[in-house]
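Visitor: coordinates for the following, if possible.
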Amino acid sequence: MVSQKTIDIVKATAPILKEKGEAITQRMYEITFAERPDYKLGFETTWMQHLDGGGQAHKLATAVYAYATHIDRLDELAAAVQHIAHRHVETRILPEQYPLIGQKLLQAMKDVLQEAATDDVIAAWAEAYDALATIFIQTEQTLYQQQDQQLTEALTNQTTH
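Guide: Here you go, the predicted model:
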């Protein structure tokens, strides 16, 4: 759960994220892939077309904006979270990838928003990102466990027949 101060700051950034969100996510992918080119492998079956994120940057920008506007009503995003979590599991996104992506998202916010990315804004988004990452990690862990159980059952059935 995030603090009320974080909720207020994140919601206040929604208009600028609507305007500059795609520039932020393009920059995030650019700097992430420059540091970790191996992360691009997880995007081979997505809308990713370019080093800057292509269509995937637009999808992420839309999701970040939705999070900013609904941070105090996350239940309204439950279906979207489930959809994204399933996509993450399909592309084998792992819990250990979230911290670097969060760092790069914050760095991209600073790069694109410049003076609008005050210390308070960055701190609020760091808290908000960590909270959302935790939701995704927990949701995806459940999905990975379900996949493992289904695979185990399928293998067990093959060996008994």
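
Visitor: just say helix, strand or coil for Arg92.
Guide: Taken by DSSP: H, G, I helix; E, B strand; the rest coil, the conformation at Arg92 corresponds to coil.

Visitor: what about it, neighbour count?
Guide: Counted with other C-beta atoms under 10 Å, the neighbours of Arg92 add up to 11. (C-beta placed from N, C-alpha, C; glycine too.)

Visitor: and it, its phi and psi?
Guide: With angles defined as degrees, to the nearest 10, Arg92 sits at phi 60, psi 40.

Visitor: separation between it and Glu140?
Guide: In this structure, Arg92 and Glu140 are 10 Å apart, going by C-beta to C-beta, to the nearest Å.

Visitor: now do Ser3
Guide: Plainly put, Ser3 is 25 Å away from Glu140 if you go by C-beta to C-beta.

Visitor: looking only at neighbour counts, state which of the two leads.
Guide: Remark: of Ser3 and Glu140, Glu140 carries more neighbours, 21 against 12, as counted by other C-beta under 10 Å.

Visitor: name the helices or strands packed onto the host helix or strand of that one?
Guide: Taking DSSP states H and E as the criterion, Glu140 maps to helix 119-160. When contacts are defined as 3 or more C-beta pairs under 8 Å, 6 or more residues apart in numbering; DSSP states H and E, helix 119-160 sits against helix 4-12, helix 78-90, helix 98-113.

Visitor: in the first one, what's buried?
Guide: Of the residues in helix 4-12, Thr6, Ile7, Ile9, Val10, Lys11 count as buried by neighbour count, 16 or more other C-beta atoms under 10 Å.

Visitor: mind listing what the closest residue to Thr139 other than its chain neighbours touches?
Guide: Closest residue to Thr139 apart from its sequence neighbours, by C-beta to C-beta, 6 or more residues apart in numbering: Ala85 at 4.2 Å. If you count contacts by C-beta atoms under 8 Å, 6 or more residues apart in numbering, Ala85 has them with Phe136, Thr139, Glu140, Leu143.
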